[in-house]
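1. predicted model and sequence follow; I will ask about them next.
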Amino acid sequence: MSSPQGSIVNTTYLFRFVTLLGFFAILEGCSLVSYPPPPDTKIETVTDVLHGVEIADDYRWLEEQYAPETREWIEAQNAYAEDIIGESGIRDEFRSRLSELIDTDEVGSTRQAGDWEYFTMRRKGEEAARIYRRVASKDSENPKPTTEDTYEIVLDPADLDATYRTLVSIMDFSPDGNLMMYSIRQGGADEIAVRIRNLESGEDLPDRLGNALYSGVEFDDAGTGFYYTHRSRETGPRIRHHSLGQDFSEDEEVWGAGYGPRTFIGMDIVAEGAYRIFTVQHGWARNDIFIQINDGPVRPIVEGVSAHFQHRFHDGRIYLRTDFNAPNYRLFVVEPEMPERELWEELIPETEDLFESYSFIGDKIYATYLHEVANQIRVYDLDGSPSGEIDVPDNSSVSIAASENGKASLSVSGYLAPLTRYLVDLQTGEREVVDEPEVIFDSSAYELTKLWFTSTGGVQAPVYVMHRAGLELDGSHPTILNGYGGFNSNIKPGFSTTRLAWLEAGGVYAVATLRGGSEFGETWHQDGMLENKQHVFDDFISAAEKLIEVGFTDSDHLAISGGSNGGLLVGSVMTQRPELFRAVLCTYPDLDMVRFYQFTETNNMPALLEYGDASIVTQFETMRRYSPYQAVSDGVSYPAVMLTTGDLDTRVSPLQGRKMAARLQAATASGLPVVLWYDERGGHAGGRGRPTSIRIEDTARELAFLAQQLGLGEEVN
């Protein structure tokens, strides 16, 4: 067998000049106008041999992110994208409406530290939130801060970066309230720096963590030091303790030795320090949990079992929500001093619906379930006996948490219902609105339709469709179909200003439920990961075909969109069924799955346990069949495509978007444009690292591209 690392067997140098004008005098089906050709892109073919298979890559040189020729290419691509999309009436309308929807007052929840309450706030017209504080009330709870009042500014991101591309966030406060730990994030990078501010002097301490991957950063109980988990892409994660004033080279390593970069680890200190609970997450498929009692040895609660275990410490006991022998999850209770598995007590058994989360409120357990991709809340006594339900709207996402005086805070949102918070009297059931949405729109003008499609293996799943009320199903409507399908993540009903802007412009928006997520439990998840990843793409194609069958749209008016793993989704589906779609929006995507395992500086290494690892021959065969970059073929009529990515995406390597844009521009025979919008400060984290104005402009640009291709709002080319 050949080395999985591969070998370069030939390199050629030439230039490909892609000329679409004249070559496509008459475009098939949906367009009569030629687009200008994309910028010329050099070809330097590198051929790797992986497991005995030759794999050619014409654009390996674009992997060199900061090479001068790559930077020139990016600049030309951004100019070309703007040339193709251009200014238009529909783009102006999107820009204006998105400004109304996005640029609104935002006030975060308060957090008391010492004699002060701290919170974040962004007033309308401001680019980013500041950190403020006010004196805490000693007599009664302060009302929520308002944008009309004046407060002391603790930290303004503009002091660090006048462009607002550097973000700050509160992480923790010392027990006495005198120190604030905060993070600094450059653009959309996953890495952060950590600082500690003396809130009396306003100065930062010399103790600071440099830019890296961190989690679990919090002060110790004495406030004389802090814990942090540093996740190295080379050696893996380690939990450490730093004493203030001490050199970081002297930090104590608390736990984590032996775990590699494909794992996440964490620590929970409970019962006033009597127990330390350590967790290990192996990708998105299983977890281990360990416990340390006082200074005793670390011993397993559960280890090496192919299941998820999420712990919570409550009233002296450990609760485990798990899919162990129960793909829809159940709840166990464990005595910390006797954690052996045979002593676990099942509290809430598995049901036909996904047991998603739970809250302890008073002497009850409020369990949130997912039934056909919509939430329900069921109530249990502490011994697990059923004790009623909480009424919630159909086709909604909900969460519930304890409040005061026998009440609970209930949050409700839906595809056509912005997030609303209620205060619920748990005795009478009466509820009072305490936080109303600021979004103003006529919800009665729209309807939500829930369709069920059938995919490979006879699997059925819903696709939610948002559209104008009374829409005629004549197959003519510009429609966006969105999906994700991966990483055990569920896509539930929820409100989106982007979707609303598209609906108000006259479009239809649909969201597909796909294998690989958690909507129908762990079996559903595993049926869309590793060797089953193709099922996700099959599901998405089936959802698209259902929309056409019912009459919402047709192939000339259907676009697909997805980001991150959803970018892989639309990239794969586009290469497998290019004739099914008119346009594709592919944002911050994974696209070169054959080389994914080699992108060690800018990928999320645990994702190899979800996608697979092409250095393993059996996984390689599966991955190369669906990897979008390798699946592009010359002379195929691909849809119009818009890709987006940015330099600071350190979770999904941006080189994939660069190479895919070049490959599609050279290969497509449809005459439809392939554009790349590249944000030098953009990334996966921190809302892509965008201030308000850039978020609005980026979204308007993307919607304008799709509107242009689907004929929404004005004549299509």
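-> Done, it's in.
2. C-alpha from now on. contacts and neighbour counts both.
-> Noted.
3. give me the neighbour count for the closest residue to R431 other than its chain neighbours.
-> Nearest residue to R431, sequence neighbours excluded (Cα to Cα, 6 or more residues apart in numbering): V424, at 4.3 Å. Look at V424: counted by other Cα atoms under 10 Å, it has 21 neighbours.
4. and the contacts of the strand or helix carrying V424?
-> Secondary structure assignment for V424, by DSSP states H and E: strand 417-425. Residues from elsewhere that reach strand 417-425, judged by Cα atoms under 8 Å, 6 or more residues apart in numbering: 403, 406-413, 430-437, 439, 443, 494-496.
5. sec struct for V392, please.
-> coil (DSSP: H, G, I helix; E, B strand; the rest coil).
6. again with E531
-> When classified by three-state DSSP, E531 comes out as helix.
7. ok, Y319 next?
-> Here Y319 is recorded as strand under three-state DSSP.
8. who touches it in this structure?
-> H311, R312, F313, L331, F332, V333, V334.
9. just checking, what packs against the helix or strand harbouring the fifth one?
-> Taking DSSP H and E as the definition, one finds F332 inside strand 330-334. For strand 330-334, the elements it packs on are strand 317-322, strand 345-348, judged by 3 or more Cα pairs under 8 Å, 6 or more residues apart in numbering; DSSP states H and E.
10. surely F94 and F705 touch.
-> No - contact criterion Cα atoms under 8 Å: F94 and F705 do not qualify, at 11.1 Å.
11. measure the nearest residue to D103 once chain neighbours are set aside to E200 for me?
-> For D103, ignoring the flanking residues on the chain, the nearest one in space by Cα to Cα, 6+ apart is K124 at 5.5 Å. For K124, the distance to E200 equals 30 Å [Cα to Cα, to the nearest Å].
12. which one of the two is surrounded by more residues?
-> The neighbour comparison of K124 against E200 (other Cα under 10 Å) goes to K124, with 16 against 9.
13. got phi/psi on the more buried one?
-> According to degrees, to the nearest 10, the main-chain angles of K124 amount to phi -50, psi 130.
14. show me the shaky parts of the stretch 351-500 of the chain.
-> Along the stretch 351-500 of the chain, the model assigns pLDDT under 70 to no residue.
15. show me where it has its strands.
-> Assigned by DSSP state E, counting those that start in this stretch, the strands in the stretch 351-500 of the chain fall at 354-361, 364-370, 375-381, 386-390, 396-402, 407-414, 417-425, 431-435, 446-454, 460-468, 479-482.
16. strand partners (parallel or antiparallel) of the shortest one?
-> Strand pairing for strand 479-482, determined by DSSP bridges: strand 508-512 (parallel), strand 558-563 (parallel).
17. before we move on, back to that, nearest to T235, out of the strands of the stretch 351-500 of the chain?
-> Closest to T235 of the strands of the stretch 351-500 of the chain is strand 354-361 (Cα to Cα; 32.9 Å).
18. which neighbouring elements make contact with the closest one?
-> Secondary-structure packing of strand 354-361 (3+ Cα pairs under 8 Å, 6+ apart): strand 364-370, strand 396-402.
19. which stretches of the protein form helices?
-> In the chain, the helices defined using DSSP state H lie at 68-85, 89-102, 497-504, 522-526, 534-550, 565-576, 608-611, 617-626, 628-631, 655-667, 692-710.
20. can you lay out these as JSON lines showing mean neighbour count?
-> Compiled in JSON lines, those are given as follows (neighbours: other Cα atoms under 10 Å):
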{"stretch": "helix 68-85", "mean neighbour count": "17"}
{"stretch": "helix 89-102", "mean neighbour count": "18"}
{"stretch": "helix 497-504", "mean neighbour count": "20"}
{"stretch": "helix 522-526", "mean neighbour count": "22"}
{"stretch": "helix 534-550", "mean neighbour count": "22"}
{"stretch": "helix 565-576", "mean neighbour count": "26"}
{"stretch": "helix 608-611", "mean neighbour count": "20"}
{"stretch": "helix 617-626", "mean neighbour count": "18"}
{"stretch": "helix 628-631", "mean neighbour count": "22"}
{"stretch": "helix 655-667", "mean neighbour count": "24"}
{"stretch": "helix 692-710", "mean neighbour count": "22"}
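21. using a markdown table, lay out those together with distance to L473.
-> Formatted as a markdown table, the helices of the chain follow (distance: least, Cα to Cα, whole Å):
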| stretch | distance to L473 |
| --- | --- |
| helix 68-85 | 29 |
| helix 89-102 | 24 |
| helix 497-504 | 16 |
| helix 522-526 | 31 |
| helix 534-550 | 7 |
| helix 565-576 | 25 |
| helix 608-611 | 38 |
| helix 617-626 | 33 |
| helix 628-631 | 33 |
| helix 655-667 | 33 |
| helix 692-710 | 16 |
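22. those helices: which one's closest to W344?
-> helix 522-526 (21.2 Å).
23. only C-alpha atoms, please: export that closest one in CSV.
-> Provided in CSV are the C-alpha atoms of helix 522-526 (Å, rounded to 0.1, in the frame of the first residue of the first chain):
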residue,chain,number,x,y,z
GLU,A,522,-28.4,9.1,17.7
THR,A,523,-29.4,6.6,15.0
TRP,A,524,-30.3,9.6,12.8
HIS,A,525,-27.0,11.1,13.5
GLN,A,526,-24.9,8.0,12.7
